[in-house]
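Participant: sharing a model that was predicted from the sequence below.
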Amino acid sequence: MNSPRKLALLSALYFVQGLPFGFQANALPNYLRASGVSLTGIGLASALALPWALKAFWAPAVDRLGSEHFGRRKSWIVPLQLAMAASCCVAAFLPPNGALTPLLVIILLLNLFAATQDIAVDGLAVELLGPGELGLGNAAQVVGYKLGMLTGGGLLVAASRFIGWQGLFLGMAALCLAVMLATYRFKETAAVARAVIEAPKLKEVLGRMLAALRLPGAGWLLLFIGTYKLGEVLADRMFGPFLIDAGIEQWRVGWWLGTWGTVTSLLGSVAGGLLAMRLKILRAIGIAALLRVLPLIAQWMLTAGWFEVSASTVIPITCAEHFFGGMLTTAMFALMMSKVDRRIGATHYTVLASVEVIGKSITGLSSGWLADRTTYATVNAVSVVASVAFLLLLLPMRKVAGPDEVVVPAQRVG
């Protein structure tokens, strides 16, 4: 398979995985608020993304099992895409104002299917891409995943003004089926289909992981990874409900945040990758984290009533915050990749990625609770304080990161 076809296939697979996460992260809070759900409940809905944090527990099964005849990776990818399409069809008939609990169950299942597919697609990418294709392969993953988020959380939500709730989810189902057909026609090479990873025994893996966690600075690294998104997620999770409460229509909120925000986040991710290639990783993280504080301050000022809530204020703030947030995320993932023990690379990287997701989940779950008991302005003020406090961790991390670490752009981010 030539490089353009490989990259197109990988982009399409990551695109499908971005659909449900984009809807849950960018659109679901707005629908829940419009349906009368409390801010605490909206924050707790972040738990629907837990499969992405827990996927390491079933990754070994996905990695080792599969049909040699049908395709080792296809054995997982095709059924999971079919399951995602079927789930979207069910969700089309479960509007949040009439069947909220079943809808949330379906969204949880969509995240489970997408996170599990991610394991198989990551394995396929490793086996398909040659050494000279890794940079383009990473770019294809970032672009595909964030275009999926843009579509599921922005474009289809905005289009729901005309196609309705059913059209939104049936559109997602159609996209899943289209990519499934392309995947079905894809022929895995004999080497990929027969590949069996000679993974270390569980005891050896655990031993190496414990050794990695005992290295000097490992605790600072985990704290760094787990806290870099605290303030950003705290502000973002409640920004959509704030706009709904300010009288902005749901489709318009989806367009402003889900579309403008995701496009600029994608551009920021590319910029962050370039920054991490040209500077020491920690310096790239510091620059991105410092710049991110500025739009978070502006967002706090908006929720505190300093500016009028309109397209001319919300869109620029959203674009700046998502751009610098995307820069920071890509640089952070580059640092994570540089710290992985390659003898247990998949396990070690998955653990670090899980710490990153869990850190984001904590503030996502608590954001509504804080907003219900204070104000939107207070939530955003805390987000600014948390983002500034994160900058202080750069001091101990200077000893952890090492003097010469410059790496290629990281994998896709959420």
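Facilitator: Arrived safely, thanks for sending.
Participant: I would like the residues contacting stretch 29-42, please.
Facilitator: For stretch 29-42, contacts defined as CB atoms under 8 Å, 6 or more residues apart in numbering pick out 45, 96-97, 100, 237-238, 240-241, 243-245, 250, 253-254, 367-369, 371-372. C-beta coordinates here come from the backbone N, C-alpha and C atoms, glycine included.
Participant: narrow those to those that are buried.
Facilitator: Burial by neighbour count, 16 or more other CB atoms under 10 Å: within the contacts of stretch 29-42 this picks out 45, 96, 100, 237-238, 240-241, 243-244, 250, 253-254, 367-369, 371-372.
Participant: strands - which of the residues you listed land there?
Facilitator: When DSSP state E defines the strands, the subset of the buried ones among the contacts of stretch 29-42 inside them is empty.
Participant: who touches residue 21 in this structure?
Facilitator: 49, 52, 111, 114, 148-149, 152-153, 414.
Participant: check the gap between it and residue 28 for me.
Facilitator: 10 Å (CB to CB, to the nearest Å).
Participant: in stretch 70-90, what counts as buried?
Facilitator: Going by neighbour count (16+ other CB under 10 Å), the buried part of stretch 70-90 is 71-78, 80-81, 83-90.
Participant: name the helix or strand for the residue nearest to residue 328 when sequence neighbours are not counted, please.
Facilitator: Nearest non-adjacent residue to residue 328, counting by CB to CB, 6 or more residues apart in numbering: residue 288, 3.8 Å away. Per DSSP states H and E, residue 288 falls inside helix 281-303.
Participant: which positions in that helix come out as buried?
Facilitator: 281-289, 291-293, 295-303.
Participant: distance between that helix and the chain's centre?
Facilitator: 19 Å (CA atoms, centre = their mean, to the nearest Å).
Participant: CA atoms only: put it into CSV for me.
Facilitator: Taking Å, rounded to 0.1, in the frame of the first residue of the first chain, the C-alpha atoms of helix 281-303 are listed here in CSV:
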residue,chain,number,x,y,z
ILE,A,281,10.3,20.4,24.6
LEU,A,282,10.0,21.9,28.0
ARG,A,283,10.6,25.4,26.6
ALA,A,284,7.9,24.7,24.0
ILE,A,285,5.5,23.7,26.8
GLY,A,286,6.4,26.8,28.8
ILE,A,287,5.7,29.2,25.9
ALA,A,288,2.4,27.5,25.0
ALA,A,289,1.3,27.4,28.7
LEU,A,290,2.1,31.0,29.2
LEU,A,291,0.2,32.1,26.1
ARG,A,292,-2.8,30.0,27.0
VAL,A,293,-3.3,32.1,30.2
LEU,A,294,-4.2,35.2,28.2
PRO,A,295,-7.4,33.9,26.5
LEU,A,296,-8.4,32.3,29.8
ILE,A,297,-8.2,35.7,31.4
ALA,A,298,-10.3,37.1,28.6
GLN,A,299,-12.9,34.3,29.1
TRP,A,300,-13.1,35.1,32.8
MET,A,301,-13.7,38.8,32.0
LEU,A,302,-16.5,37.8,29.6
THR,A,303,-18.3,35.6,32.2
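Participant: could you number the chain from 8 rather than 1 from now on?
Facilitator: Okay, residue one is now 8; in that scheme the one you just asked about reads as helix 288-310.
Participant: helices and strands of this structure: which one bottoms out on pLDDT?
Facilitator: helix 197-201 (a mean of 51; mean pLDDT, DSSP states H and E).
Participant: separation between the residue nearest to residue 335 and residue 313?
Facilitator: Distance of residue 295 to residue 313, given as CB to CB: 25 Å.
Participant: with residue 33 instead?
Facilitator: Residue 33 is 25 Å from residue 313, where distance means CB to CB.
Participant: pick out whichever of the two has more residues nearby.
Facilitator: Counted by other CB atoms under 10 Å, residue 33 and residue 313 do not tie: residue 33 has more neighbours, with 24 against 11.
Participant: which ones are touching the more buried one?
Facilitator: 156, 159-161, 164, 247, 261, 264-265, 268-269.
Participant: make it 10 Å
Facilitator: Neighbouring residues of residue 33 by CB atoms under 10 Å, 6 or more residues apart in numbering: 156-157, 159-161, 164, 243, 247, 260-261, 264-266, 268-269.
Participant: do the same with residue 313
Facilitator: Counting by CB under 10 Å, 6+ apart, residue 313 has contacts 305, 307, 320, 384.
Participant: residue 126 against residue 65, yeah?
Facilitator: Yes. In this structure residue 126 lies within contact range of residue 65 using CB atoms under 10 Å: 7.7 Å.
Participant: between these two, which one's more packed in?
Facilitator: More crowded of residue 126 and residue 65, by other CB under 10 Å: residue 126, with 23 against 14.
Participant: circling back to that earlier point, how close does the residue nearest to residue 335 sit to residue 279?
Facilitator: Using CB to CB, we find residue 295 at a distance of 6 Å from residue 279.
Participant: need the next SSE after whatever helix or strand residue 217 lives in, C-terminal direction.
Facilitator: Per DSSP H and E, residue 217 falls inside helix 209-220. Going down the chain from helix 209-220, the next helix or strand is helix 225-234, by DSSP H and E.
Participant: wait, residue 160 touches residue 154, no?
Facilitator: No. Counting by CB under 10 Å, residue 160 sits too far from residue 154 to count as a contact (11.0 Å).
Participant: give me the common contacts of the two.
Facilitator: Common contacts of residue 160 and residue 154 (CB under 10 Å, 6+ apart): 25-26, 29, 269.
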